[in-house]
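**Student:** only geometry, no sequence info:
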């Protein structure tokens, strides 16, 4: 069943959406009809609905069921070194959103080629995250942040770096508040490590050298499980 994340107007047991993009998708892509069912979500509330009416500017849905998701969804913080291509960051955001990672940071490591935040790119990435959540029917949109100074992300968190290490993931015991760091495939530098502070741990994702986007996906899946 299709999920839409959108602002809407609640009118008793009905929902009205005036989002033209959603209206076009329902009419031209999904070709949905009156009484077809959808999920509609805004914030922490998700509604199972049926299309009761529509016109050229609005869709009207009857609320069949209200579903409030628990707020205590696990917090996972992953900081990823900015990749050499922007489309790789798009893929990372898409896959981590589907997996259900709530906090995604991008930061420039010493060897990062792309080092600057791009406002238009951030807008596009947030749209990709929204579409990934709708496709996967996950509960919450991730918070995506570009942070030039990684020390601002670390704050009071324990730091664990996915790097070449004698330890694998099952050997690492963590606190609740842990920042997991993924570097570029051509390794983090000594200066990068100095920014993480003294009390860090390293953990291996295996014997092969993974691309940044591959490491991010594998690490995220492990952390969710």
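**Tutor:** It's in. Source: prediction; values computed, not measured.
**Student:** And the strands in the chain?
**Tutor:** Assigned strands in the chain, in chain order: 3-5, 9-11, 14-17, 37-42, 45-54, 59-68, 77-81, 103-107, 143-146, 158-162, 178-182, 200-203 (criterion: DSSP state E).
**Student:** Going by contacts, tell me the helices and strands next to the fifth one.
**Tutor:** With contacts defined as 3 or more CB pairs under 8 Å, 6 or more residues apart in numbering; DSSP states H and E, the secondary structure elements packing on strand 45-54 are strand 14-17, strand 37-42, strand 59-68. Quick note: C-beta positions are derived from backbone N, CA and C, even for glycine.
**Student:** Output the contacting helices and strands for the lowest-mean-pLDDT helix or strand in the chain.
**Tutor:** Least confident helix or strand of the chain, by mean pLDDT, DSSP states H and E, is strand 9-11 with a mean of 77. Helices and strands touching strand 9-11, by 3+ CB pairs under 8 Å, 6+ apart, are strand 14-17.
**Student:** Poorly predicted segments of the protein, please.
**Tutor:** Applying pLDDT under 70 to the chain flags residues 70-74, 165-176.
**Student:** In space, what's closest to residue 135 - neighbours in sequence excluded?
**Tutor:** Nearest non-adjacent residue to residue 135, counting by CB to CB, 6 or more residues apart in numbering: residue 98, 7.0 Å away.
**Student:** Distance-wise, check that neighbour relative to residue 63.
**Tutor:** 27 Å (CB to CB, to the nearest Å).
**Student:** tell me the centre residue of the chain?
**Tutor:** residue 97 (3.1 Å; CA atoms, centre = their mean).
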